[in-house]
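Novice: My questions concern the predicted model and sequence given below.
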Amino acid sequence: MARAKQYAERVNVIKRIKLGSKWPFAPVVEHNGRIVRDHVWVAGRDEHHPEGRYYLEWYEAGKRRRKPVPKFEDLLQAARSKSIELNALKAGLLLSPDAPVAPEPARLTMNAAIDDYLDYIRKHRSLRTYRTYRPILGVLFRNSYTKTYVDEVTREDILKFTSDCFDLGLVPRTVYDRLVTVLQLFKRHGHKGLVESSDWPSYVETIRPIYEPEEIVSMIRHADPDETMLIKFCLVSGFRDREIRYVVWRDVDFRNSVVRVTAKPIWKFRPKNYEERAVPLPAAMVQQLQELRTRRNATPADLVFPNTKGKPNSLHIEIVKSVAYRAKLNCGQCVTKHGNKCAEGPYCQRFYLHKFRHTFATEHLRHGIDVRTLQGWMGHRDIQSTMVYLKGIQSKDALVKVNAGSLASYVA
């Protein structure tokens, strides 16, 4: 390697660059007393190398030492400071440190970064989250990212991943969610700001579907007592599927008419966003729950909606679909990915548990509950997640004005 230019006494400025599969050090290019950014000497030629990091190089006690400088703007000042330090050491004004200079940390490969992040998700997030992230990162992104190391990532790599998702036929909203997952991976390993605002896929924010009153009444009419309690509880609590699965009688405060979402270490259940919360229940629901508990002679630790063995029930969605089918509410047009037709059985995709949560939010906003209060009941970390339900709200006052307007008279 050619001798590096000394920009401060006893200190050289060099840069580590990529040449083929290797990462050698090269002296920087200087012009009129200034370092030319991203230009180095390679075999006597001035070459442009934006990748890599700048280093200070000096000799101390007969050994060559190097130290990285993260920012180009700090390069000359760092070199001058190191020069002052070395001269002070030479003059005996400073003591040389006994400990050797720590070696440069090994570079993290993309495969290792993915495995590390998935292991973190498996230990700190829900099983559902892990199962969602695993194919996105372990398969889709691993196949899309063609470079070896994490620190080689650029905006073009992220845009390529987005394009690969679209090539697979994914819709914009799905691509958006997968992009969020990938950027979380890089953020964990110290890489932010990889995309611009215009890089995010655009998608239509749909109005959240809700159950109509006649659908709810019909389902309750065709449900058995236990199914009726499940449907009513889903409707008035706004709980997520897993929250319903792990609610125990201790979570129901009969005195204050509220039900709580709490952690259940015995079931390895943690509330989403690690936030426990309380949701008020109608008095009629509290009374019916009290009667159910008395009839079962249940203890505080018993599950409210268990399976036949008293364990958490993962088939609540099947109950809802079966009740809808018995009530003849199926649309008759759905076909599942397994080929099941809703005209022939309890497979209608219009009936699912999370739709009760949409109904809960929409009806409360329609009847005057403010968005901030509803945010707390829903367990949303971001107010924007709650505000999407405002799109489906039509206030009674607005409807009165519409019916009284001149446009309504034309169609009367």
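Specialist: Received it, and whenever you're ready, just let me know what you need.

Novice: Show which residues not belonging to the helix or strand hosting Tyr130 make contact with it.
Specialist: Here Tyr130 is covered by helix 127-135, with elements defined by DSSP states H and E. Applying C-beta atoms under 8 Å, 6 or more residues apart in numbering, the contact partners of helix 127-135 are 117-118, 121-122, 181, 242. The C-beta positions use only the backbone N, C-alpha and C, and glycine is treated the same way.

Novice: Which of those are buried, as a PyMOL select command?
Specialist: Selecting just the buried residues from these in PyMOL takes one command, with 16 or more other C-beta atoms under 10 Å as the test:
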select buried, resi 117+118+121+181+242
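
Novice: What segments of the stretch 251-400 of the chain are strands?
Specialist: In chain order, the stretch 251-400 of the chain shows strands spanning 252-253, 258-261, 277-280, with DSSP state E, counting those that start in this stretch as the criterion.

Novice: Parallel or antiparallel, which strands does the shortest one pair with?
Specialist: For strand 252-253, sheet partners with direction are given as strand 258-261 (antiparallel), following DSSP bridges.

Novice: any idea of the mean pLDDT in the partner strand?
Specialist: Over the span of strand 258-261, the pLDDT mean works out to 96.

Novice: ditto for stretch 224-242
Specialist: Per-residue pLDDT values over stretch 224-242 give a mean of 96.

Novice: Please apply the same query to stretch 151-166.
Specialist: Averaging the model's pLDDT scores along stretch 151-166 yields 95.

Novice: repeat for stretch 307-327
Specialist: Averaged across stretch 307-327, pLDDT comes to 95.

Novice: in the helix holding Tyr130, what's buried?
Specialist: Of all the residues in helix 127-135, those buried under the rule 16+ other C-beta under 10 Å are 130, 132-133.

Novice: from those residues, which is closest to Ala408?
Specialist: Thr132 (46.9 Å; C-beta to C-beta).

Novice: pLDDT value on the closest one, please?
Specialist: We note a pLDDT of 93 for Thr132 in this prediction.

Novice: just use 44 as the starting number from now, easier for me
Specialist: Noted, 44 is the first residue going forward, which turns the last one into Thr175.

Novice: distance of it from Thr152?
Specialist: In this view, Thr175 and Thr152 are 24 Å apart by C-beta to C-beta, to the nearest Å.

Novice: Same check on Val223?
Specialist: Computed with C-beta to C-beta, the distance linking Val223 and Thr152 is 23 Å.

Novice: Check Glu199 too.
Specialist: Shown here: Glu199 relative to Thr152, a distance of 19 Å by C-beta to C-beta.

Novice: again, but for Leu408
Specialist: Distance of Leu408 to Thr152, given as C-beta to C-beta: 48 Å.

Novice: For those two, indicate the residue with more neighbours.
Specialist: Leu408 (20 against 13; other C-beta atoms under 10 Å).

Novice: so what's the more buried one up against?
Specialist: If you count contacts by C-beta under 8 Å, 6+ apart, Leu408 has them with 414, 417, 432-433, 436.

Novice: quick one: which of these has the most company?
Specialist: If you rank the contacts of Leu408 by neighbour count (other C-beta under 10 Å), Tyr432 sits at the top with 23 neighbours.

Novice: Nearest residue to that one in space, ignoring adjacent ones along the chain?
Specialist: Spatial nearest neighbour of Tyr432, excluding adjacent residues (C-beta to C-beta, 6 or more residues apart in numbering): Ala404 at 4.4 Å.

Novice: what's the neighbour count on that neighbour?
Specialist: For Ala404, the tally of surrounding residues (other C-beta under 10 Å) stands at 27.

Novice: Give me the contacts around stretch 354-370.
Specialist: Residues beyond stretch 354-370 that count as contacts (C-beta under 8 Å, 6+ apart) turn out to be 258, 261-262, 264-266, 270, 273-274, 277, 284, 287-289, 310, 346, 348-350, 373, 385, 388-391, 393-396.

Novice: ChimeraX command to pick out the buried ones of the residues you listed?
Specialist: Buried members of these, defined by 16+ other C-beta under 10 Å, are picked up in ChimeraX with:
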select :258,261,262,265,266,270,273,274,277,284,287,288,289,346,348,373,385,389,390,391,393,394,395,396
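
Novice: thought Val193 was touching Leu237?
Specialist: No - when contacts are counted by C-beta atoms under 8 Å, Val193 is not listed as touching Leu237 (11.3 Å).

Novice: Give me the common contacts of the two.
Specialist: In terms of C-beta under 8 Å, 6+ apart, Val193 and Leu237 are both contacted by the residues Phe229.

Novice: The two: which is more packed in?
Specialist: Residue environment comparison for Val193 versus Leu237 gives the larger neighbour count to Val193, 22 against 18, counting by other C-beta under 10 Å.
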